[in-house]
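Participant: Here's my sequence, what's the structure:
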Amino acid sequence: MRGRRMNGKVGIALAGGGPLGGIYEIGALNALETALEGLSLTDLDLYVGVSSGAFVAAGLANGIAPSEMNDMFILDRSHHDPFEPDLLLRPAFGEFARRLSMIPELVQGAFLGYLGAPARGFVESFARLTRGLPNGLFDNGAIAAYLARLFGKPGRTDDFRKLERKLFIVATDLDNGKATPFGAPGFDHIPISEAVKASAALPGLYPPARIDGRDYVDGALKKTLHASVALKEGAKLLICINPLVPFDAELAARSGRRPRPLAEQGLAAVLSQTFRSLIYSRMRVGMERYKTEFPDADIVVFEPARDDEVIFFANVFSYADRKRLAEHACRHTLSELAARADELAPVFARHGIALRREALGGRLPPEPPAGKGRRLWNSVRPLDSTLDALEKALTRDQPGRSKGGKRDAAKTAAPHA
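Facilitator: This is a model prediction of the structure:
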């Protein structure tokens, strides 16, 4: 497929978002695979992943299709190792023990420091005790071990250098604050599973990942998508999925719903909204900058609706919710493709990709006149039985659909974004 590109390289960039982000991305990817003719998500030129997006991007680069990920990570029907979210919440006992062993020496040093210089005050003298706090609550080693097993199966690899496609997993170097693209020259000897572990090491939840004597944390600390990694590698069409957007209660209210104030829903809701707002505004700024830096690249962004309560208040550790979230993300993305068909059809057409009329309910712009581009539209064929089965599955037990209308950032798909 890569040899048939009409207008340069095609890549995908997947942002983070914890288990929720990964589930949303798998659902959205299933929608794209369903609705786009001439695009195979396991046969792109470039893959960029950050945090949970690194998990999914590494799977795609290893030839694991979105439908197979849906089985393995959400439905647990796969013959391969099913992924259980409990892997994400294994206590970091090793880190706890290491920090506890430091306490006696820290306490002794604090007392001696206070006695030797009482003018410094009790609080200042004992501030050193904070070094005894663990760097993270949970052990992300289980995630790396799972991926190492998964990528160790025949036809897959845990080695960046053995991949047929370019994969970049971005983490942040804790000691200098710089983004590190694992998979790039000089960083491609690191196992893919270890790179994902580093990229997903969210400070406070997971200890920094030590690789070659350096400590790495979540790649989202620097940028949300790190889309520039793919753009600098020559991507002319870059599909981006950002699963985290801040919730807009006013928009929800205009649709007739009355969500409770986030402040009444506890610390988790407040922190989630804060984090989402920070990364969302930063991403919008980055996308505007790319219009100037990469004027010949097409960037298409997909993300949830701002008034989507289903996504914001989801419980990703519930099996039923995981399945519902993936289906919800798939339906929402199909809906966005249909709503934005006038905008997206010519963008995709420049790269030999067509929107499937059947998957979008026929809501596509009129066919172009005979001449250039006509062959592309004529190449659209009725979907096979697999797609029919998928569409039937998606229509069963549909939860209520978000009514946000036109989405703010979901429209960031301009020919020169």
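Participant: Could you say which helix or strand holds residue 102?
Facilitator: According to DSSP states H and E, residue 102 maps onto helix 93-116.
Participant: so who does residue 138 touch?
Facilitator: Neighbouring residues of residue 138 by CB atoms under 8 Å, 6 or more residues apart in numbering: 88, 89, 90, 91, 92, 205, 206. The way it works is simple: take the backbone N, C-alpha and C, and place the C-beta from them, glycine included.
Participant: Buried ones among those?
Facilitator: Using 16 or more other CB atoms under 10 Å as the burial test, these include 88, 92, 205, 206 as buried.
Participant: Now the two most distant members of these.
Facilitator: The largest separation in the buried ones among the contacts of residue 138, counting by CB to CB, is between 88 and 92 at 11.7 Å.
Participant: Which residue comes closest to residue 322 once chain neighbours are left out?
Facilitator: Spatial nearest neighbour of residue 322, excluding adjacent residues (CB to CB, 6 or more residues apart in numbering): residue 74 at 5.0 Å.
Participant: how close does that neighbour sit to residue 87?
Facilitator: According to CB to CB, to the nearest Å, residue 74 and residue 87 sit 14 Å apart.
Participant: Okay, helices next: where are they in the stretch 51-200 of the chain?
Facilitator: 52-61, 66-69, 93-116, 122-126, 141-151, 192-199 (DSSP state H, counting those that start in this stretch).
Participant: For residue 243, which of these is the nearest?
Facilitator: Nearest to residue 243, of the helices of the stretch 51-200 of the chain and by CB to CB, is helix 52-61 at 8.0 Å.
Participant: With only the CA atoms kept, save the closest one in PDB.
Facilitator: Extracted C-alpha coordinates of helix 52-61, given in PDB (Å, rounded to 0.1, in the frame of the first residue of the first chain):
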ATOM      1  CA  SER A  52      -1.700   5.300  26.200                       C
ATOM      2  CA  GLY A  53      -1.500   6.400  22.600                       C
ATOM      3  CA  ALA A  54       1.900   4.800  22.500                       C
ATOM      4  CA  PHE A  55       0.300   1.500  23.600                       C
ATOM      5  CA  VAL A  56      -2.100   1.600  20.600                       C
ATOM      6  CA  ALA A  57       0.400   3.000  18.100                       C
ATOM      7  CA  ALA A  58       2.900   0.200  18.900                       C
ATOM      8  CA  GLY A  59       0.100  -2.300  18.300                       C
ATOM      9  CA  LEU A  60      -0.800  -0.800  14.900                       C
ATOM     10  CA  ALA A  61       2.900  -0.700  13.800                       C
END
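Participant: now it against helix 192-199, angle please.
Facilitator: Angle between the axes of helix 52-61 and helix 192-199 is 160 degrees (criterion: axes from the mean of the first three to the mean of the last three CA atoms, to 10 degrees).
Participant: Could you tell me which ranges of the stretch 251-400 of the chain sit under the pLDDT cut-off?
Facilitator: For the stretch 251-400 of the chain, the stretches flagged by pLDDT under 70 are 315-320, 361-400.
Participant: try 80 this time
Facilitator: 255-256, 258, 313-321, 357, 361-400 (pLDDT under 80).
Participant: Same check on the stretch 51-200 of the chain?
Facilitator: Residue ranges of the stretch 51-200 of the chain with pLDDT under 80: 75-86, 106, 110-129.
Participant: one more time with 70
Facilitator: The stretch 51-200 of the chain contains residues with pLDDT under 70 at 76-81, 114, 119, 122, 125.
Participant: tell me which element residue 210 is part of?
Facilitator: In the assignment (DSSP H and E), residue 210 maps to strand 209-211.
Participant: which parts of that strand are buried?
Facilitator: By 16+ other CB under 10 Å, the buried positions in strand 209-211 come out as 209, 211.
Participant: Residue 359: how many residues sit nearby?
Facilitator: By other CB atoms under 10 Å, the residues close to residue 359 number 20.
Participant: what about the strands in this structure?
Facilitator: For the chain, strands defined by DSSP state E occupy the ranges 9-14, 36-37, 46-50, 166-173, 179-182, 209-211, 214-218, 235-241, 298-302, 354-355.
Participant: CA atoms only for the fifth one, dumped as CSV, please.
Facilitator: Extracted in CSV, the C-alpha atoms of strand 179-182 (Å, rounded to 0.1, in the frame of the first residue of the first chain):
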residue,chain,number,x,y,z
ALA,A,179,11.1,15.1,24.5
THR,A,180,12.8,11.8,23.6
PRO,A,181,11.4,10.1,20.5
PHE,A,182,12.2,6.4,21.0
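Participant: Would you mind pulling the contact partners of that strand?
Facilitator: Strand 179-182 has contacts (CB under 8 Å, 6+ apart) with 160, 168-173, 187-188, 190, 192, 195, 198-199, 216, 219, 222-223, 226, 229.
Participant: Quick one, which of these are buried?
Facilitator: Applying 16+ other CB under 10 Å to those, the neighbour count classes 160, 168-173, 187-188, 190, 192, 195, 198-199, 216, 219, 222-223, 226, 229 as buried.
Participant: re earlier: among the strands of the chain, which is nearest residue 287?
Facilitator: Shortest distance between residue 287 and the strands of the chain, using CB to CB, is found for strand 298-302: 6.7 Å.
Participant: ok, and for that closest one, which residues are buried?
Facilitator: Judged by neighbour count (16+ other CB under 10 Å), strand 298-302 contains these buried residues: 298, 299, 300, 301, 302.
Participant: re the thing from before, show me how far the helix holding residue 102 is from its chain's centre.
Facilitator: Here the centre of helix 93-116 is set off from its chain's centre by 39 Å, with CA atoms, centre = their mean, to the nearest Å.
Participant: what's the answer for stretch 147-163, then?
Facilitator: 20 Å.
Participant: what sits up against that stretch?
Facilitator: Applying CB under 8 Å, 6+ apart, the external contacts of stretch 147-163 come out as 55, 58-59, 61-64, 80-81, 167, 182-183, 188-193, 195-197.
Participant: Can you go through the residues you listed and name the buried ones?
Facilitator: 55, 58-59, 61-64, 167, 182-183, 188, 190-193, 195-197.
Participant: before we move on, back to that, okay, the strands of the chain in JSON lines with distance to residue 268 next?
Facilitator: Putting those into JSON lines (distance: least, CB to CB, whole Å) gives the following:
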{"stretch": "strand 9-14", "distance to residue 268": "24"}
{"stretch": "strand 36-37", "distance to residue 268": "36"}
{"stretch": "strand 46-50", "distance to residue 268": "22"}
{"stretch": "strand 166-173", "distance to residue 268": "23"}
{"stretch": "strand 179-182", "distance to residue 268": "28"}
{"stretch": "strand 209-211", "distance to residue 268": "24"}
{"stretch": "strand 214-218", "distance to residue 268": "18"}
{"stretch": "strand 235-241", "distance to residue 268": "23"}
{"stretch": "strand 298-302", "distance to residue 268": "25"}
{"stretch": "strand 354-355", "distance to residue 268": "38"}
